[in-house]
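Visitor: Sequence and computational prediction follow.
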Amino acid sequence: MNEYESLSGREKEVLDLLVQGKSNKQIAMHLGVSNRTIEFHLSNIYSKLGVNSRAEAILFFMKDTSLKSEGVVKENHLRESTALPQNESPYNGGKSKILQRIPMKKRIFYIASLGALIILFVVFILLRSPDQALNNSQAASPPDTLTSETVAAITPTGQIPTGVDANTFTQSINSSLVSLTVKWFYIDQSRIYLDLVISGFPLPQDFVPIQIIDLQKIVIHRSDGSLVDLEHKIEYGGGGEGNPTNEEEPFFDEILDMGLPDSTFTNSQEAPYLLDIPVGGEITGENGEVRSLPLVTYHIEVKPSYIGQLTFATEKSAVMDNKIVTFKGMEINPSSAVVLFCVLDPEGSQWLPTVHILYNGNIISESGGMLINGDPSQEMCYRLNYTRSFQFDPADDPQADISILVAKLTKDQPERLPYELIASVQNDLAEQGIEFNYVVINHGSGIEITKKPTGMTETEALMIIQNALSEEAISSDVLIFDLN
């Protein structure tokens, strides 16, 4: 069974709408559920497909040939290449459009020429200095390093966290000065968080990469020459973002975020580390195209940006409406945080937690979450992500300044709600001037609003309907957990 078949019916439907280019709000309106439910479905989809972003999920969907053979990919969901004439199909039976048009004699000539070029290229590679090749070996002796240059970071204003000195390194690629800035580097015995910015990388004008660094090929040496074990890592997230199409300041901001296996070596927060960071090479674009770009490896020496504890494990529980909720821990980064939170329902139902971070007088809501333990008969545990409005000040003490507020639990809705619940909500909302139809569709259902009060938007009416159809559990007391 491939990764796609591991998705539930509702998750397949969400992925299908995602491929059509719909936003979370549009998907939620189409399926008649809340935005929060869609965020959890997307997190589960990313986890099952082994991807970290919407773009990668869409790329997986487009590239998986087994999906196409089953007729899952619908042609009207995908945009045709603008490079093709309008009267030609973008599909060609798996054959190259170029080879299809070249006569046989010319084709043989081109193939022979290509073979000669490949031979010359192999000879060129063999003659290159070994320091130029990407070094992913497990050798204990680290490579030569670049020294940090006194150049201003080319990232936009405000990209580098307050109080953190940027380590910027430069190399020349095709006559372009390419800068690598280490915005943030945190490491302890259980996890690593590395935030990198690449700017000035020469790109073809018709190509927009998803990311420019292959995060899976980064190698990290401790100061004693031993390797940090990234091979048996626990994937938490990361990926790429930025603004590579900005003509004035094109940049890529890429994050390596992962859990580390147990090790007999100590991950010092004061000693320097030697990092091998490959930039360029075989890169996938936003449209799924793979191109070979210039490849350069940065061999750099940096120290962690923060000395102290930013990973917290705890076990604090409380009861909310006969359900046991447990705060398991927290991970803090400069512009994001993660809360580990579990819910146990004695009746075996799944409940989605709504948890806020309390920090510096602000109430910060989660931007998404991932289910990491999906057995309703036991604890259902989540990694709740916070990226909106969260900015950690390294001068603060997390244990003294940060806590979490458990707002409510929302019962996960089935693909099709029971008729009794729908009829009851329709009667109740009719008194408020809101009327709707509950429409059954493939793998689920949707809401069609037929009447609403004057001045009320369709989105507002939809939210009222969704809240009425959702079952919630709210604590009678204010439920706050701290990190102490």
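Guide: The structure has been received and is ready for your questions.
Visitor: Where do the domain boundaries of the protein fall?
Guide: What automatic domain parsing lists as the domains of the chain is 4-77, 97-127, 135-302, 310-484.
Visitor: Mean confidence (pLDDT) on the shortest one, please.
Guide: Read that as domain 97-127. The average of the pLDDT scores along domain 97-127 is 46.
Visitor: Chain neighbours aside, what residue packs nearest to residue 358?
Guide: What sits nearest to residue 358 in space, not counting adjacent residues and going by Cβ to Cβ, 6 or more residues apart in numbering, is residue 403, at 4.8 Å. (Glycine included, C-beta is placed from N, CA and C.)
Visitor: now the one you found, what's its secondary structure?
Guide: What DSSP: H, G, I helix; E, B strand; the rest coil gives for residue 403 is strand.
Visitor: How about the contacts made by it?
Guide: By Cβ atoms under 8 Å, 6 or more residues apart in numbering, residue 403 lies in contact with 357-358, 480-483.
Visitor: returning to that earlier point: ok, of the domains of the chain, where does mean pLDDT dip lowest?
Guide: Ranked by mean pLDDT, those end with domain 97-127 at the bottom, a mean of 46.
Visitor: Would you check how far apart residue 269 and residue 306 are?
Guide: To residue 306, residue 269 is 7 Å away according to Cβ to Cβ, to the nearest Å.
Visitor: quick one, which of those two is more surrounded?
Guide: Set residue 269 next to residue 306 and count neighbours by other Cβ atoms under 10 Å: residue 306 wins out with 21 against 17.
Visitor: Checking that one next. Helix, strand or coil?
Guide: Going by three-state DSSP: residue 306 is coil.
Visitor: What of the one 10 residues further on?
Guide: Secondary structure, three-state DSSP: residue 316 is strand.
Visitor: quick one: it and residue 324 touch, right?
Guide: No: counting by Cβ atoms under 8 Å, residue 316 sits too far from residue 324 to count as a contact (11.3 Å).
Visitor: okay, how far is it across stretch 429-439, tip to tip?
Guide: Taking Cα to Cα, to the nearest Å, the first and last residues of stretch 429-439 lie 17 Å apart.
Visitor: Return the set of residues that bridge with the closest residue to residue 204 other than its chain neighbours.
Guide: Excluding the flanking residues, the one nearest residue 204 by Cβ to Cβ, 6+ apart is residue 291, at 7.2 Å. Counting by DSSP bridges, residue 291 is bridged to residue 283.
Visitor: Let me see the contact set for residue 291.
Guide: When contacts are counted by Cβ under 8 Å, 6+ apart, residue 291 touches 204, 207, 282-283, 285.
Visitor: What about the spatially closest residue to residue 292 that is not a sequence neighbour, how many residues nearby?
Guide: Spatial nearest neighbour of residue 292, excluding adjacent residues (Cβ to Cβ, 6+ apart): residue 282 at 5.8 Å. Around residue 282 there are 10 other residues, counting by other Cβ under 10 Å.
Visitor: Quick one: residues contacting residue 282.
Guide: So residue 282 contacts 290-293 (Cβ under 8 Å, 6+ apart).
Visitor: What segments of the stretch 251-400 of the chain are strands?
Guide: Secondary structure of the stretch 251-400 of the chain (DSSP state E, counting those that start in this stretch): strands located at 251-259, 273-284, 290-302, 311-320, 323-332, 337-344, 351-359, 362-365, 368-373, 380-386.
Visitor: ok, now how distant is the residue nearest to the spatial centre of the chain from residue 215?
Guide: In the chain, the centroid-proximal residue (Cα atoms, centre = their mean) is residue 52; its distance is 3.3 Å. Noted for residue 52: a distance of 9 Å to residue 215, by Cβ to Cβ.
Visitor: again, but for residue 190
Guide: For residue 190, the distance to residue 215 - Cβ to Cβ - is 19 Å.
Visitor: who's more crowded, those two?
Guide: A direct count of neighbours by other Cβ under 10 Å for residue 190 and residue 215 places residue 215 higher, at 21 against 16.
Visitor: residue contacts, the closest residue to that one other than its chain neighbours?
Guide: Take residue 215 and drop its neighbours on the chain: the residue closest to it by Cβ to Cβ, 6+ apart is residue 256, 5.0 Å away. Residue 256 makes contact with 192-194, 196, 215, 218, 238, according to Cβ under 8 Å, 6+ apart.
Visitor: thinking again about what came up before, filter the contacts of residue 403 down to just the buried residues.
Guide: Taking 16 or more other Cβ atoms under 10 Å as the criterion, what is buried in the contacts of residue 403 is 357-358, 481-483.
Visitor: Distance to residue 475 added to those residues, as JSON lines?
Guide: JSON lines is the format used below for the buried ones among the contacts of residue 403 (distance: Cβ to Cβ, whole Å):
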{"residue": "357", "distance to residue 475": "17"}
{"residue": "358", "distance to residue 475": "15"}
{"residue": "481", "distance to residue 475": "12"}
{"residue": "482", "distance to residue 475": "16"}
{"residue": "483", "distance to residue 475": "20"}
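Visitor: Quickly name whichever of the residues you listed is closest to residue 445.
Guide: Of all the buried ones among the contacts of residue 403, residue 357 has the smallest distance to residue 445: 33.3 Å, by Cβ to Cβ.
Visitor: The closest one contacts residue 385, correct?
Guide: No: with contact defined as Cβ under 8 Å, residue 357 does not reach residue 385; the gap is 10.8 Å.
Visitor: Mutual contacts of the two, please.
Guide: residue 337.
Visitor: who's in contact with the residue nearest to residue 330 when sequence neighbours are not counted?
Guide: With Cβ to Cβ, 6+ apart as the criterion, residue 330 has its nearest non-adjacent residue at 4.8 Å, and that residue is residue 312. Residues near residue 312 by Cβ under 8 Å, 6+ apart: 329-332, 398-399, 483.
Visitor: hey, where'd the helices end up in the chain?
Guide: For the chain, the helices defined by DSSP state H occupy 9-19, 24-31, 35-49, 54-63, 65-69, 97-101, 104-127, 398-401, 419-430, 458-469.
Visitor: So which elements touch the third one?
Guide: To tie it back to what came earlier, the one meant is helix 35-49. Packing partners of helix 35-49 (3 or more Cβ pairs under 8 Å, 6 or more residues apart in numbering; DSSP states H and E): helix 9-19, helix 24-31, helix 54-63, strand 351-359, strand 368-373.
Visitor: Between those, which one is closest to residue 447.
Guide: In terms of Cβ to Cβ, the element of the helices and strands packed on helix 35-49 nearest to residue 447 is helix 24-31, at 7.8 Å.
Visitor: what's the angle from the closest one to helix 9-19?
Guide: Interaxial angle of helix 24-31 relative to helix 9-19 (axes from the mean of the first three to the mean of the last three Cα atoms, to 10 degrees): 130 degrees.
Visitor: Check which helices and strands helix 24-31 is in contact with.
Guide: The contact analysis (3+ Cβ pairs under 8 Å, 6+ apart) places helix 24-31 against helix 9-19, helix 35-49, strand 444-451, helix 458-469.
Visitor: can you list contacts of the second one?
Guide: Translated: helix 35-49. Defining contact as Cβ under 8 Å, 6+ apart, one finds that helix 35-49 is touched by 3-4, 6-7, 10-11, 14-15, 18, 24-25, 27-28, 31, 52-54, 56-57, 60, 352, 354, 367-372, 374, 410, 412-413.
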